[in-house]
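Trainee: starting from these lines, generate the structure:
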Amino acid sequence: MTGYRSLSKEERAEELKALQAQYEKAREKGYQLDMSRGKPAPVQLDLSMGLLEEAPETLVHSRKGADVRNYGELAGLDEARELFAQILGLRVENIIMGGQASLALMYDCIIKAWVFGVYGGSKPWSAQGKVKFLCPVPGYDRHFRITQEFGFEMINIPMSPAGPDMAMVRNYVENDASVKGIWCVPKYSNPQGYTYSAETVEAFAALKPAADDFRIFWDNAYVVHGFREEDDELANIFDLCEKYGSTDMVYEFASTSKVTFPGAGISAIGASKNNVSFLLKQMGVQTISYDKINQLRHANYFPNGLADVNAHMKKQAEIIRPKFDIVLETLADELDGLEIGTWTKPNGGYFVCFEGLKGTAKRCVQLCADAGVKLTGAGAPFPYGIDPEDSTIRIAPTYPTPEQLKESIRIFCLCQRIAALEVLG
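Mentor: Residues are numbered from 1 along each chain as shown. Reported below is the predicted structural model:
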């Protein structure tokens, strides 16, 4: 196809008119298609129904004899901690089990640092005046909503296929003591699907923060979520932190939200011995224990640990991969050569990130909505919901059926072309 910039103004106007006619026909069909969030499809959730079929007598006592129906075991059951230790490549003593969502653990760590401070820190974050948080962009909107809630100044850090701009990260972290943390989704990042390079992970471990209470929030949400043969490799940040003596700097998070049941899974924090002791002391005031029945249920469901998780995720991949192929093939068929956008081609995770022409994202999302295709709001992958270029759109392929997805992406491409032509004039 000929690039739109190469067309004359008259040719672009003619093309726009033709596309608008197609768009009106699509609107008249009254679609109701939802690609707004990265949710597992029902058929994915069906894979985990065995969790609910476990015999009650298997959900009474832990391996060491603790009654999981009762209080106790604040750090979590050993079985569940071992499962996450294998998933994250850590020792069991470095794992604290949480509730059903890692996002809740992240929020909890922020609020605890805000009110009480962190291990080794001189003051609570709230007692230090203006504080800042680094935000690789585009990124996960719910991360940004947490730090916005507490009034942090959020600073955009550009992303590349290798991860965040580490020269910029280093400059902020090592020269500004008001910088308290950074959000990271290091494997199959949300929304671009990038995996941080080994050099990037080592650069994080080697940071020498100006603040005594700086923390890396390492949200390893997609650690087992590859869906192609060429699964990306992510270096173990704690191994590298041991090399640099910086293990206290990192909180790592993971959950089974997109492995088993979102909202009914189990979650964990990976942290240094010092951080584990500090956090457990705070947690002991907040709760007596999290849901140990669900922890044991998950441990029983994956008796061989990571090997069973990986086998389960291969079944998930068989469902997810064709949907990503639909998106990528349709984008290529409809938009290649027009020179109006680029998109990522991840090996795992839950999203494709589309980068259109400046000033087109909001218009495209609105056009899609009017045609019955609901997308994540334009600007959502940026702090304060503001995309400086108004060009980034997050595409979430997993929830729709393949048939719905084909129609959704076709309409998306149509709307993207209209928005581009309107901007080009």
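Trainee: which SS state does P136 fall under?
Mentor: Of the three states, P136 takes strand under DSSP: H, G, I helix; E, B strand; the rest coil.
Trainee: who does it form a beta bridge with?
Mentor: I157 (DSSP bridges).
Trainee: and it, what does it touch?
Mentor: P136 makes contact with I157, P158, M159, G163, P164, I182, W183, C184, S189, according to Cβ atoms under 8 Å, 6 or more residues apart in numbering. Yep, even glycine has a C-beta here, placed from its N, CA and C like the rest.
Trainee: how about 6 Å then?
Mentor: By Cβ atoms under 6 Å, 6 or more residues apart in numbering, the contact set of P136 is I157, M159, P164.
Trainee: repeat for C109
Mentor: If a contact means Cβ under 6 Å, 6+ apart, then C109 has Y251 as its contacts.
Trainee: please settle this for me: is it part of a helix?
Mentor: Yes - assessed by three-state DSSP, C109 belongs to a helix.
Trainee: let me see the ranges of the strands in the stretch 251-400 of the chain.
Mentor: 267-270, 341-343, 352-356, 373-375, 392-395 (DSSP state E, counting those that start in this stretch).
Trainee: turn those strands into CSV, columns for mean neighbour count and distance to S178.
Mentor: Output for these, formatted as CSV (neighbours: other Cβ atoms under 10 Å; distance: least, Cβ to Cβ, whole Å):
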stretch, mean neighbour count, distance to S178
strand 267-270, 26, 25
strand 341-343, 18, 35
strand 352-356, 22, 30
strand 373-375, 22, 35
strand 392-395, 26, 27
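Trainee: to A307, which of the ones you listed lies closest?
Mentor: strand 267-270 (18.2 Å; Cβ to Cβ).
Trainee: now tabulate the strands of the stretch 251-400 of the chain in CSV and tack on distance to V259 and mean pLDDT.
Mentor: Below are these laid out as CSV (distance: least, Cβ to Cβ, whole Å; pLDDT from 0 to 100):
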stretch, distance to V259, mean pLDDT
strand 267-270, 11, 98
strand 341-343, 26, 98
strand 352-356, 21, 98
strand 373-375, 25, 96
strand 392-395, 21, 98
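Trainee: including distance to V423, could those strands go into CSV?
Mentor: Shown next, in CSV, are these (distance: least, Cβ to Cβ, whole Å):
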stretch, distance to V423
strand 267-270, 42
strand 341-343, 11
strand 352-356, 9
strand 373-375, 18
strand 392-395, 14
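Trainee: what pairs with the helix or strand bottoming out on mean pLDDT in the chain, parallel or antiparallel?
Mentor: Lowest on mean pLDDT, DSSP states H and E among the helices and strands of the chain sits strand 33-35, with a mean of 90. The strands beside strand 33-35 in its sheet (DSSP bridges) come out as strand 373-375 (parallel).
Trainee: domains for this structure, by residue range?
Mentor: 4-44+310-424, 61-303 (automatic domain parsing).
Trainee: span of the last one from start to end?
Mentor: End-to-end distance of domain 61-303 (Cα to Cα, to the nearest Å): 15 Å.
Trainee: same question for the first one.
Mentor: Between the opening and closing residues of domain 4-44+310-424 there is a gap of 8 Å (Cα to Cα).
Trainee: from the contact counts, what lies against the longest helix along the chain?
Mentor: Looking across the chain with DSSP state H, the single longest helix is helix 306-335. Applying 3 or more Cβ pairs under 6 Å, 6 or more residues apart in numbering; DSSP states H and E, one finds that helix 306-335 contacts helix 42-46, helix 402-424.
Trainee: right, and those - which one's nearest Q295?
Mentor: Short answer: helix 42-46, nearest of these by Cβ to Cβ, at 19.5 Å.
Trainee: quick one: residues in contact with that closest one.
Mentor: Q316, I319.
Trainee: cutoff 10 Å now
Mentor: Applying Cβ atoms under 10 Å, 6 or more residues apart in numbering, the external contacts of helix 42-46 come out as 39-40, 258-262, 264, 315-316, 319-320, 398-399, 401.
Trainee: check Y31 and give its pLDDT.
Mentor: On pLDDT, Y31 comes in at 89.
Trainee: next, give phi and psi for it.
Mentor: phi -60, psi 150 (degrees, to the nearest 10).
Trainee: so who does it touch?
Mentor: C368, A371, G372, V373, K374, Q404, E407, S408, I411.
Trainee: and which of these is nearest L47?
Mentor: Once Cβ to Cβ is applied, the member of the contacts of Y31 that ends up nearest L47 is Q404, at 19.9 Å.
Trainee: how about the closest one, nearest residue that isn't a chain neighbour?
Mentor: The shortest distance from Q404 to any non-neighbouring residue, by Cβ to Cβ, 6 or more residues apart in numbering, is to L33 (5.3 Å).
Trainee: how many residues are close by the one you found?
Mentor: 21 (other Cβ atoms under 10 Å).
Trainee: surely it and A396 touch.
Mentor: No - if you go by Cβ atoms under 10 Å, L33 and A396 don't touch, sitting 11.5 Å apart.
Trainee: now for these two: what residues contact both?
Mentor: With Cβ under 10 Å, 6+ apart, L33 and A396 have common neighbours L375, L405, S408.
Trainee: and the helices in the protein, which stretches?
Mentor: Applying DSSP H to the chain gives helices spanning 9-28, 42-46, 78-88, 102-116, 141-149, 166-175, 198-205, 237-244, 273-286, 292-301, 306-335, 361-370, 402-424.
Trainee: mind saving the C-alpha coords of the first one as PDB?
Mentor: What follows is helix 9-28, C-alpha atoms only, in PDB (Å, rounded to 0.1, in the frame of the first residue of the first chain):
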ATOM      1  CA  LYS A   9      -4.300  16.200  -0.400                       C
ATOM      2  CA  GLU A  10      -7.100  15.400  -2.900                       C
ATOM      3  CA  GLU A  11      -6.200  11.700  -2.900                       C
ATOM      4  CA  ARG A  12      -6.300  11.700   0.900                       C
ATOM      5  CA  ALA A  13      -9.600  13.400   1.000                       C
ATOM      6  CA  GLU A  14     -11.000  10.800  -1.500                       C
ATOM      7  CA  GLU A  15      -9.600   8.000   0.600                       C
ATOM      8  CA  LEU A  16     -11.100   9.500   3.800                       C
ATOM      9  CA  LYS A  17     -14.500   9.700   2.200                       C
ATOM     10  CA  ALA A  18     -14.400   6.100   1.200                       C
ATOM     11  CA  LEU A  19     -13.300   5.000   4.600                       C
ATOM     12  CA  GLN A  20     -16.000   7.000   6.300                       C
ATOM     13  CA  ALA A  21     -18.600   5.200   4.200                       C
ATOM     14  CA  GLN A  22     -17.200   1.900   5.400                       C
ATOM     15  CA  TYR A  23     -17.200   3.100   8.900                       C
ATOM     16  CA  GLU A  24     -20.900   4.100   8.800                       C
ATOM     17  CA  LYS A  25     -21.800   0.600   7.600                       C
ATOM     18  CA  ALA A  26     -19.800  -0.900  10.500                       C
ATOM     19  CA  ARG A  27     -21.600   1.400  13.000                       C
ATOM     20  CA  GLU A  28     -25.000   0.300  11.700                       C
END
